[in-house]
Structure formats: C-alpha cells, structure tokens
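J.: predicted model and sequence follow; I will ask about them next.
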Amino acid sequence: MASITVLYNDDSTLAHGSEQDAIAVLAVKDCAKAIADALASRGHRVSAVGLPPEREGVLRAVAALECGLVFNLVEGIGGDSRLEQAMAWLYELHGVRYTGSGPRAMALCMEKPVTKAVLAAAGLPVPRGTVLARGDESVTNLRFPLMVKPAREDASHGISMDSVVRDEAALRTQARKLIDTYAQPALVEEYIPAREINVALLGGPRGVEVLPLSEIDYSGFRADEPHLVTYAGKWIEGSRDWDLTKVVPARDLSHAQRARIEAVARGAFETLELRDYARVDLRLDERGEPFIIDVNPNPDISPTAGFHLAAERAGLSYPELVERVVQSALSRHGALA
C-alpha cells in the first residue's frame, strides 16, 4: 500500500469572478475528504492537506511533502485558476509523484481557444468560433445563436442562461460582462442546440477505458430556453437550474454513433496528452455528429459527480474508482521507493 497525500487548494477567495463562483472552489474540500476516506478504506496511509492561498506557503508545503504519491486536487493558487498548471510544474521540479495530467496538458486545457486550435489541427471536430478580447471585434463569419463563455475557466464559471445570444446587441453585452467580471477574453462559439454527451475516460491496466456514456437530460427546460449546464445548475443546490439539470445514461445511440463519440473523445485525450482520468463533453448536431465543446483534465470525481455515476455503471464502487486513478499514476511513475 502507498503513502498518499490528497492535496487541495484551501481558498476562501477568488482572484476574479463573483461571490457565487467561490462555491465551486470550496467544494473541493468535500471531494478531498471523500477521496481520502476511499483510499484509507483500501488500506493506504492517507492524509488530506489544504494548501494556503499565499504562494510562499504553497512553495513551502510542496517542498515539505513526504509521501509516495500526491492525489492532486489543486485547481489554482490564491483563487487564480490560471495557476493550476503551476502546481504540476512544482511537482515536476521537486520530483513528486502525482495523479492526473501534467503541466503541458493543464496549460492547453486552461486556455480554451488554444485547446480548440490544437484539437482542430488534429482533425477533431470543434464548433466554429472566435475570441473577443475587447468585446467589439467582428463576428461576421459566425452564425447566430452563439455561445459566449470565459476563455480560461472551468466548472461552468460564467455560464448562465444569458450565455446563448441570438443577436449582435446581446453578444456585445454578454461578452463585455464576462471580460470585466473574469478579467479575460470571451470565447464565442456557434451554439449547437442538440444533445450533450459526457465521456468519462479512466486509465487502467489495458490502457484508457471509456466508461459508459452519460447525457444531460434537458427535458425539464422550456423549448425556448438554451439547453446548458449553467453554473447554478452545477453548483447552486435548490436553484431551478439545479433541479432541472440531470445527468442520465446516454440513450438511443446507434453502435456507429457510440463508436464515433468514443473515438473523438479518445482522440482528444491523446492529442492533449491527458493522463489517468479526464472528461470530454460533446454536443451532437442535427445529423448526430459529435463536436467537442469542453475537455476537462482532472475533472470532479466527488461521489455525487457525473464521473462517479459513469464509473458505477461500469461496475466500479467509489473506492475502486479512486484506486484506479492511483494505480494509473503509480504505473506511470514506477514502483515506490
């Protein structure tokens, strides 16, 4: 059995965003406890450590680590999600074994426009889009409706029912709002108003396994509403979006569609050099063709997250899921000293 430290960012504030955005950041504490408990039940020697928001404290904490493996749940430093990749670099510099994707993959996936460009260059399908740094740049080559989201956030930060815009005035208003609130450009994409499929990928002894496909059930939404996983739908329990946004097993997909979806998700995993576990979110257009709308290295694997629900349908208990991530990381790093 291994000596494992579950490391997470213990932040009470965010560098950018709204007060509600802190809900997702603080939720990592509960995830860390669940993972620590799961690993302990498997016989590992486990401790859970919250990193302070001050950068000097982070440096000291990493330098002082004494464990065989870090289960990396750090999503930023001092509330700044851009520094998520910095943690992976610190592990590399200190020779610390850790779970999840490396610094290059983390950097690529943090910058969503770069992610899209890399995937498109590899021949993988992504929606057409552009980046608005000021909010007034031309979008004449794109067709409304359009999806507007922060260029380098995850966990649905900045996503609301206003994120889908149907005319130029709404586009400019929403883009400037995101630019001001999150201190970053806005990514604008052609909105695909069809089915949304989540693909959970998990490392294993025979390589990367695609877990049973999940789908977002939007049947409770009105026909005139955009079908989106908003920030409220993901994090604000008791909100209307929370109550209406359901993750269910993917249904009514032909064998050919499933094969195509899995191939695209695997392609994204390999192209971006992801490791151990990841989630790829896709939308199917009116022809049933998949388009990648988001790639999540080190996604949420708390007991209530969609990733765990997919693992359950594959016959994995929560401790078994967490153990699979650990074993995938250990197989990459080699035997513990």
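T.: Yes, it's here. All values derive from a computational prediction rather than experimental measurement.

J.: residues contacting the helix or strand residue 307 falls within, please?
T.: Under the criterion of DSSP states H and E, residue 307 resides in helix 306-313. Residues from elsewhere that reach helix 306-313 (Cβ atoms under 8 Å, 6 or more residues apart in numbering): 198, 200, 202, 211-214, 247, 249, 277, 279, 299-302, 318, 320-321. Every C-beta, even on glycine, is put in place using the N, C-alpha and C of the backbone.

J.: let's go with 6 Å and repeat that
T.: Helix 306-313 is contacted from outside by 198, 200, 211-212, 214, 247, 299, 301, 318, 321, using Cβ atoms under 6 Å, 6 or more residues apart in numbering.

J.: now do the buried residues in it.
T.: The neighbour-count check on helix 306-313 (16 or more other Cβ atoms under 10 Å) flags 306-312 as buried.

J.: show me which of the residues you listed is closest to residue 103.
T.: Closest approach to residue 103 among these (Cβ to Cβ): residue 307, at 22.0 Å.

J.: over to the residue nearest to the spatial centre of the chain: give its phi and psi.
T.: Nearest to the mean C-alpha position of the chain, by Cα atoms, centre = their mean, lies residue 296 at 3.1 Å. The phi and psi values for residue 296, taken as degrees, to the nearest 10, are phi -120, psi 100.

J.: give me the beta-bridge partners of it?
T.: residue 279 (DSSP bridges).

J.: what segments of the stretch 101-250 of the chain are helices?
T.: With DSSP state H, counting those that start in this stretch, the ranges of helices along the stretch 101-250 of the chain come out as 103-110, 112-121, 168-182, 231-235, 240-244.

J.: the longest one packs against which elements?
T.: What that stands for is helix 168-182. Packing partners of helix 168-182 (3 or more Cβ pairs under 6 Å, 6 or more residues apart in numbering; DSSP states H and E): strand 146-150, strand 186-190.

J.: need the pLDDT of residue 8.
T.: For residue 8, the pLDDT comes out at 93.

J.: oh, I was asking about residue 16
T.: Looking at residue 16, its pLDDT reads 52.

J.: buried set for stretch 186-193?
T.: By 16+ other Cβ under 10 Å, the buried positions in stretch 186-193 come out as 186-192.

J.: residue 330: which of the residues you listed is nearest?
T.: Distance to residue 330, by Cβ to Cβ, is smallest for residue 187 among those, at 36.0 Å.

J.: what's across from the closest one in the sheet?
T.: residue 131, residue 149.

J.: give the contact list for it.
T.: Residue 187 makes contact with 112-113, 131, 149, 151, according to Cβ under 6 Å, 6+ apart.

J.: ok so, going back, relative to residue 269, how far out is the residue nearest to the centre of the chain?
T.: For residue 296, the distance to residue 269 equals 11 Å [Cβ to Cβ, to the nearest Å].

J.: likewise for residue 155?
T.: According to Cβ to Cβ, residue 155 and residue 269 sit 20 Å apart.
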